[in-house]
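Enquirer: Structure of the sequence below:
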Amino acid sequence: MQNWDIVVLLPILFITCFAVIGFVIYKEKIKHSAGFFLLGILVFWIFASLVGYQLSKGLNYMASDLSPTTYILLILLSSSIFTIFLKPLATFYTGVIRMRKFWTCLSYSGLILTSIILLTVKIDLYTFTILSILYSLLLSTSTIHNLLLNEQFYYRINTLPVTWICYTFIGVGSILGVYFGDIQTVIFKNFNFTIFNSLAIVVGIILLVFSVINKENKNLAGVFDSDVIDQLPKKSNWNFLAIYTIVLLLSLSYSLANSILITDFLSLKLWEIYKNSEAANLWVRISGYATVIPSLLVSYFIYKYLMKYFGQKYLFMINLFLLFFAYTILAFVKNPYVFIILNIFIGISFNQLMYSLFSLCMFWNYRAPKNPVTGFYGSSLYLGKFIVEVIEQPLVSQNKSLYGKMPNLSDSYNENLNLNELDQTYGNTVTIIFACCSVIVLFATLIYFYTNAKLMADFTDYRLATQNLKTILKKQIMLKAKTKVDVSNGKIA
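Expert: Residues are numbered from 1 along each chain as shown. Sure, this is the predicted structure:
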């Protein structure tokens, strides 16, 4: 059966994903109001992902018709570079005005406008730049969704479970959007997304209306009051810099490991086995999904059942070592099925690390006035991706370096194709790339090893830190209530 991954395998996996979501809702005892909010997140990210899918395809179509200078300029103006700046802006500005839903209203409006443009205008150089800005606005909303969930439903306290809950919904929505895009282009061989874009407009309007009418408790948006912050471990900008550096290094290694050159090499190895481009593309597609879906299936269970045994500090270190060993193995093993299997473990470890780092940033975000910690986390994450994109994409478009040597792998076997030479040329480069990934992860491990005590502060013992924070907040509420009573009686306490 052709495309059995899309027709059979992925539907089964997505059903399992929704079963996991149901388990998360049950286990975390999520209330109806929070459940509806999370449902809105899921739906939003389905259509935001579809926007990204269309932009990616549009960029590929334009690549051959653009000059090297124009193409490089287009990459520099891609959504990644705008997201780098919008992430901290979103956290900082909504924290200052104490209204996170301002950004969700902005992004839902952006989804509507983006979908209208995709419906009515053909993607060219100018529209791509405008759409990239709008798409970066959508991408920047993931941080705000996490903050809103933690502030309005968990009173800024439960940063650890909120991260796993929210990113489970964001992840499932995002990969569902990619899946719908693959159905349209691979199964139906149709690049017309009119129906999806029309639905995106309707969904955007509904989400915007609900975002406007839902009340937000402004007292819970933004940092803790100064008297609460004074009783908590003090922030350090050097510690924040260490966190951002770890995020950047891990993002850089992950982007390198999933670069176009690695994908091309995997395609070549699969084509050697099947001598068929459709079969090779199918397994490459499976490899892409393998880095995401298994992580969505197991990440919550790792947080819920393993973290209490290992502790966040040591579980983080375990994931770093798993990532290091996976990259080291891939530097020497060139079997495509080993690539795909290890991609599963790479995806799980990488996402665990990112979730842990984000929860740590959200923990500090409420203790650092005028310092958008979660925003700079997002900037570091997208900077790693952007560095790889800006180096690689122009080489791909102009067939420079190794990218010009990859043959067109058609269904007909080319007897003149020197597979041994291609294997050696690409194999050596792939070894160097994964060796670099291993070294980068090793640097991140060393930074974490020497700084984790200061980075985590009381977050090392999450339960104790949470209980301490609850006690401080209760005392503050009681003090404010007492002050109001005294004032009403004509006294000032």
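Enquirer: Would you indicate which residues of stretch 427-447 are buried?
Expert: Applying a neighbour-count criterion of 16 or more other Cβ atoms under 10 Å, one finds Val430, Ile433, Phe434, Cys436, Cys437, Ser438, Ile440, Val441, Leu442, Ala444, Thr445, Ile447 buried in stretch 427-447. Where you see a C-beta, it was placed from the backbone N, CA and C, and this is true even at glycine.
Enquirer: same deal with stretch 202-214?
Expert: Using 16+ other Cβ under 10 Å as the test for burial, stretch 202-214 gives Val203, Gly204, Leu207, Leu208, Ser211.
Enquirer: Out of those, flag the one nearest to Leu131.
Expert: Gly204 (14.6 Å; Cβ to Cβ).
Enquirer: So for the helix or strand containing Tyr244, mean pLDDT?
Expert: Applying DSSP states H and E as the criterion places Tyr244 in helix 237-257. Across helix 237-257, pLDDT averages out at 95.
Enquirer: follow-up on the earlier one: let's have the buried residues of stretch 202-214 in CSV, adding secondary structure and distance to Gly222.
Expert: Shown next, in CSV, are those (DSSP: H, G, I helix; E, B strand; the rest coil; distance: Cβ to Cβ, whole Å):
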residue, secondary structure, distance to Gly222
Val203, helix, 29
Gly204, helix, 26
Leu207, helix, 23
Leu208, helix, 23
Ser211, helix, 18
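Enquirer: Show me the shaky parts of the stretch 351-493 of the chain.
Expert: Scanning the stretch 351-493 of the chain for pLDDT under 70 picks out 394-419, 421, 480-493.
Enquirer: ok, and the closest non-adjacent residue to Gly110?
Expert: Leu137 (4.3 Å; Cβ to Cβ, 6 or more residues apart in numbering).
Enquirer: Touching, Ala280 and Asp264? I think so.
Expert: No - with contact defined as Cβ atoms under 8 Å, Ala280 does not count as touching Asp264 (10.7 Å).
Enquirer: okay, the two: which has more neighbours?
Expert: The neighbour count for Ala280 versus Asp264, taken as other Cβ atoms under 10 Å, is higher for Ala280 (22 against 19).
Enquirer: which residues touch the residue nearest in space to the middle of the chain?
Expert: Per Cα atoms, centre = their mean, the C-alpha nearest to the average position across the chain is that of Gly171, at 7.5 Å. Listed by Cβ atoms under 8 Å, 6 or more residues apart in numbering, the contact partners of Gly171 are Val292, Ser295, Leu296, Asn351.
Enquirer: how about 10 Å then?
Expert: Cys17, Leu42, Trp45, Ser142, Val292, Ile293, Ser295, Leu296, Ser299, Asn351, Tyr355 (Cβ atoms under 10 Å, 6 or more residues apart in numbering).
Enquirer: element containing the fourth one, please.
Expert: Spelled out, it's Ser142. helix 141-154.
Enquirer: Report all helices and strands that that helix contacts.
Expert: Here helix 141-154 touches helix 32-63, helix 79-96, helix 101-120, helix 159-182, helix 336-365, helix 373-397, going by 3 or more Cβ pairs under 10 Å, 6 or more residues apart in numbering; DSSP states H and E.
Enquirer: Next, the angle helix 373-397 makes with that helix.
Expert: With axes from the mean of the first three to the mean of the last three Cα atoms, to 10 degrees applied, the angle from helix 141-154 to helix 373-397 works out at 150 degrees.
Enquirer: quick revisit: tell me what the helix holding Tyr244 is packed against?
Expert: Other helices and strands packing on helix 237-257, by 3+ Cβ pairs under 10 Å, 6+ apart, are helix 307-330, helix 336-365, helix 373-397, helix 419-456.
Enquirer: and it, which residues are buried?
Expert: Neighbour-count burial for helix 237-257, counted by 16+ other Cβ under 10 Å, picks out 239-240, 242-257.
Enquirer: what do you get for stretch 174-191?
Expert: By neighbour count with 16+ other Cβ under 10 Å, stretch 174-191 contains the buried residues Ser174, Ile175, Leu176, Gly177, Val178, Tyr179, Phe180, Gly181, Asp182, Gln184, Thr185, Val186.
Enquirer: so Leu39 touches Phe169, yeah?
Expert: Yes - with contact defined as Cβ atoms under 10 Å, Leu39 reaches Phe169; the gap is 8.0 Å.
Enquirer: Pull up the overlap in contacts between those two.
Expert: Here Leu39 and Phe169 have Ile21 as joint contacts, going by Cβ under 10 Å, 6+ apart.
Enquirer: These two: which is more packed in?
Expert: Comparing Leu39 with Phe169 by other Cβ under 10 Å, the one with more neighbours is Phe169, at 24 against 13.
Enquirer: what's the domain layout of the protein?
Expert: Per automatic domain parsing, the domain ranges recorded for the chain read 1-222, 225-460.
Enquirer: Now tabulate the ones you listed in JSON lines and tack on distance to Leu469.
Expert: Output for those, formatted as JSON lines (distance: least, Cβ to Cβ, whole Å):
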{"stretch": "domain 1-222", "distance to Leu469": "6"}
{"stretch": "domain 225-460", "distance to Leu469": "7"}
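Enquirer: what angle sits between the helix holding Ser142 and helix 159-182?
Expert: 140 degrees.
Enquirer: How many residues are close by Tyr327?
Expert: Using other Cβ under 10 Å, Tyr327 has 25 other residues around it.
Enquirer: Report the separation between it and Leu296.
Expert: 22 Å (Cβ to Cβ, to the nearest Å).
Enquirer: Any idea how far the helix holding Tyr244 is from the middle of the chain?
Expert: 14 Å (Cα atoms, centre = their mean, to the nearest Å).
Enquirer: Begin at 22 from now on, thanks
Expert: Sure, I'll start counting at 22 from here, so that last one is helix 258-278.
Enquirer: Just after that helix, pick out the following helix or strand.
Expert: Remark: after helix 258-278, the chain's next helix or strand is helix 281-295, criterion DSSP H and E.
Enquirer: CA atoms only: put that following helix into CSV for me.
Expert: Extracted in CSV, the C-alpha atoms of helix 281-295 (Å, rounded to 0.1, in the frame of the first residue of the first chain):
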residue,chain,number,x,y,z
ILE,A,281,18.4,19.2,4.9
LEU,A,282,21.8,17.6,4.3
ILE,A,283,21.0,14.9,6.9
THR,A,284,17.6,14.3,5.4
ASP,A,285,19.2,14.0,1.9
PHE,A,286,21.7,11.4,3.2
LEU,A,287,18.8,9.4,4.8
SER,A,288,17.0,9.6,1.4
LEU,A,289,20.0,8.3,-0.4
LYS,A,290,20.5,5.4,2.0
LEU,A,291,16.8,4.4,1.7
TRP,A,292,17.0,4.7,-2.1
GLU,A,293,19.9,2.3,-2.1
ILE,A,294,17.6,-0.2,-0.4
TYR,A,295,14.4,0.3,-2.3
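Enquirer: name the helices or strands packed onto whichever helix or strand comes after that helix?
Expert: Per DSSP H and E, the first helix or strand lying C-terminal to helix 281-295 is helix 298-311. Packing partners of helix 298-311 (3+ Cβ pairs under 10 Å, 6+ apart): helix 31-48, helix 180-203, helix 281-295, helix 357-386.
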